[in-house]
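[1] Fold the following and give me the result.
(one chain, ligands or ions: 1)
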Amino acid sequence: MLVNMSELLLDAQNGGYAVGSFSVSNMEMVLGIIKAAEETKSPIILQIAEVRLNHSPLEIIGPLMVAAAENAGVPVAVHFDHGKTLEKIEQALDIGFTSVMLDGSHLPFEENIALTRKASEYAADYGADTEGEIGCVGGSEDGSEDIAINCTKPEQAAEFAKRTDVQALAVAIGNAHGNYKDEPKLRFDILEKIRDTVDVPLVLHGGTGICAQDFRRCIELGICKINIATATFDAVQNSVKTAYAENRIKGYYDLQTAEVEGAYRNALKHIEIFGCAGKA
Ligand code: 13P
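    As a prediction, this is how the structure comes out:
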């Protein structure tokens, strides 16, 4: 069932768990993640970032994601991740995405507010939700840039949330996209201050490489949506490698099965940690 993201995140906020937001780039990943969500009766979010569209064009993968959500036996929100341009955000909304992120985190504060506000206005016209980001999450979504981490300032987060009308707010607390070079040291003190000043559900990007204990601590401190991308891509790749090594790939459809299996196992693992099993 296709639902709005805010519906899932407000339930998560009240229930003290987080919803996994899994990046996908093909049908096999979509199928594996939905299978894990259905089996565990978990709400889930499917997402794709603007930088990934060169490999998976929005006009093709977008309708596939929406159709998968509509046909799922659990509530699924379809989210446009790290939107850079209002043009692509509008295209995602036209396709039926139920939430969009405008990532203006690299812009000066007032410019980030102005652009995120615009995205919120677009989304509101479609009855959809918006996610904004304040502070800089390290790395970049496709690994092409090594962006430095710049932690969110709690007072700015409160003002940002109020002036942009977002339904979800991504924070920077030492988290980074991609595989971490060193063990992440998350600033739980900053997260706690943000949670105390901001009402809207908080989002943790850069989920790959964060340990179960740190995920649980983040959830206790107000994180309601956790983005996972690299872990899915790595899991799919490793599942295929293992299947070849074990001589299980006899033809194309065995390869496809191994891909679905990799995405499924990775989603299952995260659903268990995030506490969202049985919440659908
Ligand atoms: P990872 O690739 O580190 O899991 O980050 C995912 C993400 O935050 C997508 O927005």
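[2] For the closest residue to Asn175 other than its chain neighbours, give me the pLDDT.
    In space, and not counting its chain neighbours, Asn175 is closest to Gly206: 4.0 Å by Cβ to Cβ, 6 or more residues apart in numbering. Glycine gets a C-beta too; all of them are placed from N, C-alpha and C. On pLDDT, Gly206 comes in at 96.
[3] Also Ala12?
    Predicted confidence (pLDDT) for Ala12: 98.
[4] got a list of what it touches?
    18-19, 43, 201, 224-225, 276, 279 (Cβ atoms under 8 Å, 6 or more residues apart in numbering).
[5] For this structure, what lies in contact range of the ligand?
    23, 49, 81-82, 141, 177-178, 205-208, 227-231 (Cβ under 6 Å from any ligand atom).
[6] In strands only, show me those residues.
    Residues of the residues of the chain next to the ligand located in strands (DSSP state E): 23, 49, 81-82, 227-228.
[7] What is the end-to-end distance of stretch 184-192?
    By Cα to Cα, to the nearest Å, the extent of stretch 184-192 from end to end equals 17 Å.
[8] What are the buried residues along it?
    Residues of stretch 184-192 classed as buried by neighbour count (16 or more other Cβ atoms under 10 Å): 184, 186-187, 190-191.
[9] I'd like these as TSV, with secondary structure and pLDDT appended.
    Below are those laid out as TSV (DSSP: H, G, I helix; E, B strand; the rest coil; pLDDT from 0 to 100):
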residue	secondary structure	pLDDT
Pro184	coil	92
Leu186	coil	95
Arg187	coil	95
Ile190	helix	96
Leu191	helix	97
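[10] of those, closest to the ligand?
    Using Cβ to the nearest ligand atom, Pro184 comes nearest to the ligand of these, at 9.8 Å.
[11] Where do the helices of the stretch 101-250 of the chain begin and end?
    All helices of the stretch 101-250 of the chain, identified by DSSP state H, counting those that start in this stretch, fall at 109-125, 154-164, 188-197, 212-220, 230-245.
[12] quick one: the third one to chain centroid distance?
    How far helix 188-197 lies from its chain's middle: 20 Å, per Cα atoms, centre = their mean, to the nearest Å.
[13] Which strands or helices does that helix pack on?
    helix 154-164, strand 168-171, strand 202-204, helix 212-220 (3 or more Cβ pairs under 8 Å, 6 or more residues apart in numbering; DSSP states H and E).
[14] picking that back up, Throw the contacts of Ala12 into JSON lines and include neighbour count, thanks.
    What follows is the contacts of Ala12, written out as JSON lines (neighbours: other Cβ atoms under 10 Å):
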{"residue": "Ala18", "neighbour count": "30"}
{"residue": "Val19", "neighbour count": "27"}
{"residue": "Pro43", "neighbour count": "25"}
{"residue": "Pro201", "neighbour count": "25"}
{"residue": "Cys224", "neighbour count": "28"}
{"residue": "Lys225", "neighbour count": "29"}
{"residue": "Cys276", "neighbour count": "28"}
{"residue": "Lys279", "neighbour count": "19"}
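[15] Now compare those residues and name the two farthest from each other.
    Pro201 and Lys279 (14.2 Å; Cβ to Cβ).
[16] Using CSV, lay out the helices and strands packed on helix 188-197 together with mean neighbour count and distance to Pro108.
    Below are the helices and strands packed on helix 188-197 laid out as CSV (neighbours: other Cβ atoms under 10 Å; distance: least, Cβ to Cβ, whole Å):
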stretch, mean neighbour count, distance to Pro108
helix 154-164, 19, 11
strand 168-171, 27, 17
strand 202-204, 26, 21
helix 212-220, 17, 27
